[in-house]
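S.K.: 3D model of this:
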Amino acid sequence: MSSGDSKVRRGDAADRRDRIIDAAMRHFAEHGYRGGRVEDIAADVGVAKGTVFLDFGSKDGLFLAAYERAVSKLPAWLDAPDEITAEGFWATLDWWLEHTEDFVNRDPVPNRIAVIGRYDAGMGVRLPIDRFMRSEDPYGTLEFVESGVRSGEVRDDVDAEMLASMLDWVAERFQEALVSADLDPGLIHRRPERREMRIKEFVEVLRHGIESAPDDA
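M.R.: Residues are numbered from 1 along each chain as shown. Okay, the predicted model is just below:
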């Protein structure tokens with residue numbers, strides 16, 4: 001086999017893999033991790049079920065690839081408009097919370113996959129997802145926190161990685177409550193007229209935890 005033939009075959013395999021991942025995102029977003037069926041995804045792409053397992057090893061491996069693709073499509077904290085990031089850390093955080101629902105509605109599939117990865121997938125998927133999020137930091141949370149430390153808006157007496165992890169945990173859950181009544185413990189959707197107030201309260205509570213002291217700013 002010539003090197004040219006090998007390149008064509010590799011290109012075909014990469015294209016097939018991309019199509020399988022795209023189909024998997026659609027199917028998992030619609031049916032959840034447990035309801036998504038590898039045979040349906042294979043049929044959607046027009047390949048054999050065994051081909052999917054050849055490329056991804058297992059259903060877990062396929063979902064992990066779909067999850068990684070999905071979160072890579074979601075915006076990072078510092079992807080907010082320049083005029084917003086220029087106002088600083090807290091203005092940027094507030095802007096994202098205010099626009100959470102708009103971004104989810106604009107591109108629902110990646111957001112749905114991200115939620116499914118946190119709530120519907122088993123431990124066999126959750127562990128590699130957690131490793132991926134720590135190593136790749138697709139939302140740029142550490143960079144965002146470090147920018148707040150540099151500007152004097154975020155405290156510098158706590159490790160930035162610790163603060164980034166905390167921000168990921170709490171902001172993620174709050175944003176989920178904003179967009180989904182099923183994931184809302186009653187803060188937003190029971191009294192929707194209080195949405196703006198809840199956002200302000202959340203930011204205020206977070207400020208008390210990680211904002212730099214006045215004499216440190």
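
S.K.: what's the domain layout of this protein?
M.R.: Domain assignment for the chain by automatic domain parsing gives 3-66, 74-210.

S.K.: from residue 160, how far off is the residue nearest the centre of the chain?
M.R.: Nearest to the mean C-alpha position of the chain, counting by CA atoms, centre = their mean, stands residue 71 at 4.3 Å. Separation of residue 71 from residue 160 (CB to CB, to the nearest Å): 21 Å. C-beta here means a position set from N, CA and C on the backbone, and glycine is covered the same way.

S.K.: can you check residue 111 too?
M.R.: In terms of CB to CB, residue 111 sits 26 Å off from residue 160.

S.K.: buried residues in stretch 139-154?
M.R.: In terms of neighbour count (16 or more other CB atoms under 10 Å), stretch 139-154 has its buried residues at 139-142, 144-149, 153-154.

S.K.: any chance of the residues you listed in JSON lines with distance to residue 57, secondary structure and pLDDT as columns?
M.R.: Shown next, in JSON lines, are those (distance: CB to CB, whole Å; DSSP: H, G, I helix; E, B strand; the rest coil; pLDDT from 0 to 100):
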{"residue": "139", "distance to residue 57": "27", "secondary structure": "coil", "pLDDT": "95"}
{"residue": "140", "distance to residue 57": "29", "secondary structure": "coil", "pLDDT": "96"}
{"residue": "141", "distance to residue 57": "29", "secondary structure": "helix", "pLDDT": "96"}
{"residue": "142", "distance to residue 57": "30", "secondary structure": "helix", "pLDDT": "97"}
{"residue": "144", "distance to residue 57": "34", "secondary structure": "helix", "pLDDT": "97"}
{"residue": "145", "distance to residue 57": "35", "secondary structure": "helix", "pLDDT": "97"}
{"residue": "146", "distance to residue 57": "36", "secondary structure": "helix", "pLDDT": "97"}
{"residue": "147", "distance to residue 57": "38", "secondary structure": "helix", "pLDDT": "97"}
{"residue": "148", "distance to residue 57": "40", "secondary structure": "helix", "pLDDT": "96"}
{"residue": "149", "distance to residue 57": "40", "secondary structure": "helix", "pLDDT": "96"}
{"residue": "153", "distance to residue 57": "44", "secondary structure": "coil", "pLDDT": "95"}
{"residue": "154", "distance to residue 57": "41", "secondary structure": "strand", "pLDDT": "94"}
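
S.K.: re earlier: out of residue 111 and residue 160, which sits in the busier spot?
M.R.: residue 111 (23 against 18; other CB atoms under 10 Å).
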